[in-house]
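Participant: sequence unknown, structure follows:
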């Protein structure tokens, strides 16, 4: 181990914004990297741009910089901190590009800084498709057919030769690799044309798709002594490589024979040794089910979704080990964290099965033949059988305790069933089960869906159990069997045409209750102390009640546990606050990418579905003195309604009138209008909320007697001009002190009247100088981590103390309605991505802070990989109410050297003021289409568009904004933002005037 007295300093460089479904995985991995480096004695400095990430909380690294991940800003931090080593979180192409630029700058060589982890040379070998194929050839490892092509004609020629489906990989001008699956010549033409329009001299790489192959992942570790081991394997239920959006992943792999496994294990060890990887690596194989042959399809050094799943399933700390191996330690020196007498040089053995399943928000269908990931949540479940594991995983995503799986496809006709089987969507499992109910054979389903017969046989067994239950209502043998295979009380009740309460009573009367087993990587062969448990229906219980006063923290419906919301960060802070108050923390959570469920967190954890049935069973065993729900998301709040009547002590139970399905669509305002009227608080009707000129977000904490305001946040438009997430700034920039006090007065009045204890976020608008209430949210939101970092105020710990009975007066020496004062300006913005289709993909969030709003916005742009040009042309499109700003904006932009383009009417008005402005001539096209063409031709360097969204169709909005995004052109939608950016540009620009 490294001597802490001689600790080296390491700079961990976080990952740039990624696709939405992997952001939680990146956050988890980054936090694990930091923890591991600190364990071996490093002083850890983190630079990251994500304000919501729990890795950027102050209690993680020794120092945290939330700054843009660009060469300029990272170099500035390197020169300031002078680290001995750098550990980059290499998760996407932009992260690789940043490290390349740092290496080429000469700074690392100048300061003698060593880069830990996988070398840039190795990364180049495996990330570039051409070099990946060549390197695999040197290792004598097979890859599928593929080649680089420089034209649409070459791409079509490859398609004619190899057939469909095809995978096309192309690199954007920003260095990011994009994948598209193609099943027709038309799609090949479209994808190729889109790429060559932006990058005419850069090839695309086209490969054959593999259908019907088993998709197997191996998690491998290797150290500097060339010791290597396979931690575990995982297998995708689907074998259609182009349709992994309906992802169900199972560990360990279920269908490999001993010979199959040994063949792939040897290949995995050959690859990790040939690439000289020191640390962890995920290797993906496509294995033919009948021919005893395979292809290597992907290699990921570091960590992937599979890594996280296997880590949680085995208790084997893969990421932490990977970091320590990269730092020079070896497998034979690292001890099992659960048993200090055992070393981690053995390969884990499991006596249970873990299933990972993904979910999509609001049941959004997965686009066919599109690799765009639309996952908004994910869950894992552990069982002694595959059936139990699958059913528990599904109900972890289902607020109806698994009944959705039973009923989703019931009313579909045969044609609809066939369509869903052929073109998988988010509810694919429900349609597979319904097809089996209607007489499909597993052979027929395998032919259509390309799913292994082994898995379909397990699904058929689930249907057999359903039929057995239907034939024998209230039968104890059928009941026990159903529970052993993962059926919930609600599903059994639906089949018996009774209630879940009746099933529960029958179970308890005959002692049919779950036991809890410890997560164990040795199948019980090595004694280990685990704090993490899963439920099953067997005899021996391995979990005993803590025996001390404890608090149970809930998360709910993991499928809706959107990683952007900061729930995991809130849970971790809540756990710490509970423990510091002298209580034991117990967590119920089944999210595989949640650090709060990690074995390094000293809280007892139950990896079980967040359903009433499972919660009640844990409460009956542990007997906590209280349950907290507000740190686990909206579904946890919804659960409090069902738990309160069961006499479970929910410390922050939501008043029943504040929780309803209607509130999910229209917000709380419909429910509390009578209360608003009684309190004389003006409010905007839902249909008028889109007309709001300004929006203010107010975070409050109430103990029932007084209200504390950690801060007010102002919404100032949208960074990309798209999406629902606004750009936020703290402290407010345009709000007078008088208006701030009035808003806080309204908020305090409402917070006390709600009779809700804890955190409330309220939204107000200012229309023509009139303040109106818009909406409210109870509990944690994505704004909380941002505001906590901006103000330094411990919002979550303060709320926890309130729930434990410590009043605000006892905690804080603050006057009522006090707002903390920030020393700088902080801006938070969402980052979006566009596919080749006209759709938006949320990628993450970034933050910029500095002494002025202009500088903070500039940093936010840089963090989002959108760069402000120092010269060029500006497209000016103003709403009617902003027309009076046109003259001043035009004069100031022209004074510092910019050329202005605008509509013909506005250009004529400006000409009358003596300003020369280029008029757009849309001819027979819309302004948006003609502007988009100019943007794509790189004729425009900045877009200003304050026109209200309601005046344009979604397609029109996306036309200009997709073009701006693809060309990395900043797009400003708010006068406040425009003014701040202009101020900054003026400050950084030298003016030139004749004498």
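Facilitator: That came in fine, so what should we check first? Computed from a predicted structure; not experimentally measured.
Participant: domains in the protein, by residue range?
Facilitator: 4-116, 145-208, 214-348, 355-512, 516-654, 657-822, 868-988 (automatic domain parsing).
Participant: which of these sits closest to residue 128?
Facilitator: Each of the domains of the chain was scored for nearness to residue 128 using C-beta to C-beta, and the closest is domain 145-208 (8.4 Å). Every residue, glycine included, has its C-beta placed from N, CA and C.
Participant: quick check: mean pLDDT of that closest one?
Facilitator: Mean pLDDT, domain 145-208: 89.
Participant: try stretch 234-251
Facilitator: 79.
Participant: same question, stretch 595-614
Facilitator: 86.
Participant: residues of that stretch that come out buried?
Facilitator: 595-599, 601, 603-614 (16 or more other C-beta atoms under 10 Å).
Participant: narrow the residues you listed to those in helices?
Facilitator: 612-614 (DSSP state H).
Participant: rebuild the residues you listed as JSON lines, extending it with distance to residue 783.
Facilitator: Output for those, formatted as JSON lines (distance: C-beta to C-beta, whole Å):
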{"residue": "612", "distance to residue 783": "29"}
{"residue": "613", "distance to residue 783": "33"}
{"residue": "614", "distance to residue 783": "30"}
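Participant: let me know the closest of these to residue 585.
Facilitator: Taking C-beta to C-beta as the measure, residue 585 lies nearest residue 614 of those, at 18.0 Å.
Participant: mind checking which helix or strand of the protein has the lowest mean pLDDT?
Facilitator: helix 661-666 (a mean of 47; mean pLDDT, DSSP states H and E).
Participant: what count of nearby residues applies to residue 940?
Facilitator: Counted with other C-beta atoms under 10 Å, the neighbours of residue 940 add up to 24.
Participant: next: residue 580.
Facilitator: 11.
Participant: might you report the residue contacts of it?
Facilitator: residue 797 (C-beta atoms under 8 Å, 6 or more residues apart in numbering).
Participant: and it, how far is that from residue 806?
Facilitator: 12 Å (C-beta to C-beta, to the nearest Å).
Participant: likewise for residue 590?
Facilitator: 31 Å.
Participant: same question for residue 602.
Facilitator: 22 Å.
Participant: ditto for residue 201
Facilitator: In terms of C-beta to C-beta, residue 201 sits 65 Å off from residue 806.
Participant: so these two - more neighbours on which side?
Facilitator: residue 806 (15 against 6).
Participant: doesn't the more buried one belong to a strand?
Facilitator: No: checked against DSSP: H, G, I helix; E, B strand; the rest coil, residue 806 lies outside a strand; its state is coil.
Participant: contacting residues around it?
Facilitator: residue 581.
Participant: please tell me how far it sits from residue 37.
Facilitator: 35 Å.
Participant: and for residue 671?
Facilitator: 48 Å.
Participant: what do you get for residue 646?
Facilitator: Residue 646 is 45 Å from residue 37, where distance means C-beta to C-beta.
Participant: quick one: low-confidence parts of the stretch 201-350 of the chain?
Facilitator: Across the stretch 201-350 of the chain, residues meeting the criterion (pLDDT under 70) sit at 242-246, 337-341.
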